[in-house]
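[1] Would you be able to build a 3D model of this:
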Amino acid sequence: GQVLARLGRYDEAVDRFEQALAINPSRWAYHFNLAHTFGEAGRWDRAVAEYEMAATISPAEYVTYYNLGRALHERGRDQAAIAAYQTAIDLNPTDSTFHLSLGASYETLERWDDALSAYQEYLELAPESPRTELLKGHVVALMEDQNRTRAGG
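    Numbering: from 1, shown residues only. A predicted model of the protein is given here:
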């Protein structure tokens, strides 16, 4: 399944993962990989369902919650995505990517202060990231917009 997914042969990969799940439906990796394949294919509703199942099977796997958050964000369900990202952060607080994605969902919901806080956390955790300078510019622009809004203009 993983090889087929990497080759972009998503329908075939899905078939293989579903065959594996028919043999062992309680295997976290099968649900996770199936969810990832659905996401790669842009089938976000199915990805969400499989990530949720994977999280039920192995609730300590922070990568599941992060990917669940991404799938929920893609579906426009940012409030739920925030909860998933927060769980990932609770399980692994030092992964900067989790904070970056959390900020994006906050921003989508126009929760500017929360977005800025998440972005600041990312910048503190990943000061050498290639994304850092671009994000710093974005944070400055958000702060300027916030200041203008608060000033009434």
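
[2] Spell out the secondary structure type for E128.
    coil (DSSP: H, G, I helix; E, B strand; the rest coil).

[3] Backbone dihedrals for it, please?
    phi -100, psi 10 (degrees, to the nearest 10).

[4] for the chain, what spans make up the helices?
    Ranges of helices within the chain are 2-6, 10-23, 28-40, 44-57, 62-74, 78-91, 96-108, 112-125, 132-150, based on DSSP state H.

[5] a markdown table please, covering these and showing mean neighbour count and mean pLDDT.
    From N, CA and C alone the C-beta is placed, and that goes for glycine too. As requested, those are exported to a markdown table (neighbours: other C-beta atoms under 10 Å; pLDDT from 0 to 100):
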| stretch | mean neighbour count | mean pLDDT |
| --- | --- | --- |
| helix 2-6 | 15 | 94 |
| helix 10-23 | 16 | 96 |
| helix 28-40 | 22 | 97 |
| helix 44-57 | 20 | 98 |
| helix 62-74 | 23 | 98 |
| helix 78-91 | 20 | 98 |
| helix 96-108 | 22 | 97 |
| helix 112-125 | 17 | 95 |
| helix 132-150 | 12 | 86 |
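
[6] nearest residue to the residue nearest the centre of the chain other than its sequence neighbours?
    Against the mean C-alpha coordinate of the chain, by C-alpha atoms, centre = their mean, the closest residue is R70 at 2.8 Å. Using C-beta to C-beta, 6 or more residues apart in numbering and skipping residues adjacent in sequence, the residue nearest R70 is S101, 6.5 Å away.

[7] I'd like the distance between the one you found and Y66.
    Distance, S101 to Y66, using C-beta to C-beta, to the nearest Å: 7 Å.

[8] Identify the contacts common to those two.
    With contacts defined as C-beta atoms under 8 Å, 6 or more residues apart in numbering, the residues shared by S101 and Y66 are Y85.

[9] wait, doesn't A13 sit right on L4?
    Yes. Between A13 and L4 there is a contact under C-beta atoms under 8 Å: 3.8 Å.

[10] Now do the contacts for the nearest residue to D45 once chain neighbours are set aside.
    Distance criterion C-beta to C-beta, 6+ apart; nearest residue to D45, sequence neighbours excluded, is R75 at 6.6 Å. R75 makes contacts with W44, D45, V48, as judged by C-beta under 8 Å, 6+ apart.
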